[in-house]
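**Student:** no sequence for this one, just the structure:
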Ligand SMILES: [Ca+2]
């Protein structure tokens, strides 16, 4: 049985693989797809930057913890396009197994704590989880809007799909949704999104 | 003058470039060099995971904020090898200018707050900054130790250099340093580090 320090090292080593999980989102320069590790950094940093758009009494530190950990299950389960419902359903099962494996590398108590953070994010019930999920949706939309809808166009994503999958941002942050909604309308007008 | 929301969006857009700043550290799979954005995620997640190795009363959230922001100046200044003193001195000046530019994108009060977080990290005086710096040193050493010293060998780094540049980990976390020191000795024995 490894000691607690070695268990934590083993966890950090295991999640290094997140740097090689390719997402469906382009970098702003469009030089390549983004990976899930650098996305996790961007969205956690966005939480710190956009804390004032969260509902009152939101624990922004909890939001940041969720965003640091939310994608690590992709080490085993990969990323799936937000708009590909079948792929996402298949992935959900693999993700639960991945959570068991990865958080199981940690000392037991810490493994439980981290699993609770991940479960909370997945459930999207607490206001912290809803705000974290809103940012996780906001940022790939921003990348689409800044790249003339490149990933949307390549995946034939429609206005209707974007609204359906992302409108929940409104509940977590009306101000962020208003900004995004205005820009989505422009995207449709410019042909970056199928109407 | 853009509104506060647009200023924050502009900041998030500007720091996306950190995903294209290449470090001198290999991924654990050795498939490529790591970039500074995914490194920032890994070290912030490490802070969450290794919080119990920090000195008592360390504000781990402040540590995480520092680690999320610590490298964004590399958007303008690039990364330099830890063991290349000349490159690092040149970079230090560019980094200050980069900090002024990037934090200057934000609403003024938030820009000041973020700059204070970055300055605190750079000064390495508070126990939070010292613990953050310790993790920032620990993790590339771990990558070297897990890849038979690959980046060390390629850059002709010696045992003496590694000890000089990293021994400050001991003050921030004796337990983490003890672990690392033991592994560094093994690395020398195996020829991964010049004695
Ligand atoms: Ca995500």
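**Tutor:** That came through, no problem. Small disclaimer: the values here were computed from a predicted structure and weren't measured. Numbering: from 1, shown residues only, chains lettered A, B, ... in the order given.

**Student:** so the residue nearest to residue A:124 when sequence neighbours are not counted is in which element?
**Tutor:** Spatially, and ignoring its direct neighbours in sequence, residue A:124 is nearest to residue A:133 (5.1 Å; Cβ to Cβ, 6 or more residues apart in numbering or on different chains). Where C-beta positions appear, they are placed from N, C-alpha and C, glycine not excepted. Here residue A:133, judged by DSSP states H and E, is contained in helix A:127-146.

**Student:** can whatever helix or strand comes next after that helix be said to contact chain B?
**Tutor:** Where DSSP H and E defines the elements, the next helix or strand beyond helix A:127-146 is helix A:150-154. No - Helix A:150-154 lies out of reach of chain B by Cβ under 8 Å from any Cβ of the partner chain, never closer than 14.2 Å.

**Student:** enumerate the positions of helix A:150-154 that are buried.
**Tutor:** Of all the residues in helix A:150-154, those buried under the rule 16 or more other Cβ atoms under 10 Å in any protein chain shown are A:151, A:152.

**Student:** in the next helix-or-strand element following that helix, which residues are buried?
**Tutor:** Using DSSP H and E, the helix or strand that directly follows helix A:150-154 along the chain is helix A:159-166. By neighbour count with 16+ other Cβ under 10 Å, helix A:159-166 contains the buried residues A:159, A:161, A:162, A:166.

**Student:** which of these lies closest to residue A:11?
**Tutor:** For the buried residues of helix A:159-166, the minimum distance to residue A:11 (Cβ to Cβ) is 31.7 Å, reached by residue A:166.

**Student:** show me how far stretch A:7-14 is from its chain's centre.
**Tutor:** Taking Cα atoms, centre = their mean, to the nearest Å, one finds stretch A:7-14 lying 22 Å from the centre of the chain it belongs to.

**Student:** what stretches of chain A score poorly on pLDDT?
**Tutor:** A:1-2 (pLDDT under 70).

**Student:** which residue is nearest the centroid of it?
**Tutor:** For chain A, the residue nearest the mean C-alpha position is residue A:136 (3.9 Å; Cα atoms, centre = their mean).

**Student:** enumerate every residue touching that one.
**Tutor:** Residues counted as contacts of residue A:136 (Cβ atoms under 8 Å, 6 or more residues apart in numbering or on different chains) are A:43, A:67, A:70.

**Student:** tell me the most packed of those, by neighbour count.
**Tutor:** residue A:67 (28 neighbours; other Cβ atoms under 10 Å in any protein chain shown).

**Student:** how about it: what's its closest non-neighbour residue?
**Tutor:** Nearest one to residue A:67, counting by Cβ to Cβ, 6+ apart, is residue A:44 at 4.2 Å.

**Student:** in which helix or strand does residue A:13 reside?
**Tutor:** Applying DSSP H and E, one finds residue A:13 within helix A:4-15.

**Student:** list the contacts of that helix.
**Tutor:** In contact with helix A:4-15 (Cβ under 8 Å, 6+ apart) are residues A:2, A:72, A:75, A:102, A:105-107, A:110, B:28, B:42, B:45-46, B:49-50, B:53, B:139, B:142, B:146, B:175-176, B:179.

**Student:** buried among those residues? Make that a ChimeraX selection.
**Tutor:** A single ChimeraX command selects the buried members of the contacts of helix A:4-15 (16+ other Cβ under 10 Å):
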select /A:72,75,102,105,106,107,110 /B:28,42,45,46,49,50,53,139,142,146,176,179
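
**Student:** for the ion, give me its nearest residue in chain A.
**Tutor:** Closest to the ion within chain A is residue A:136: 4.2 Å, counting by Cβ to the ion.

**Student:** doesn't residue A:131 make contact with residue A:124?
**Tutor:** No - the pair residue A:124 / residue A:131 is not scored as a contact, 9.9 Å apart, by Cβ atoms under 8 Å.

**Student:** for residue A:44, phi and psi?
**Tutor:** phi -70, psi -40 (degrees, to the nearest 10).

**Student:** please tell me how far it sits from residue A:89.
**Tutor:** Using Cβ to Cβ, to the nearest Å, we find residue A:44 at a distance of 27 Å from residue A:89.
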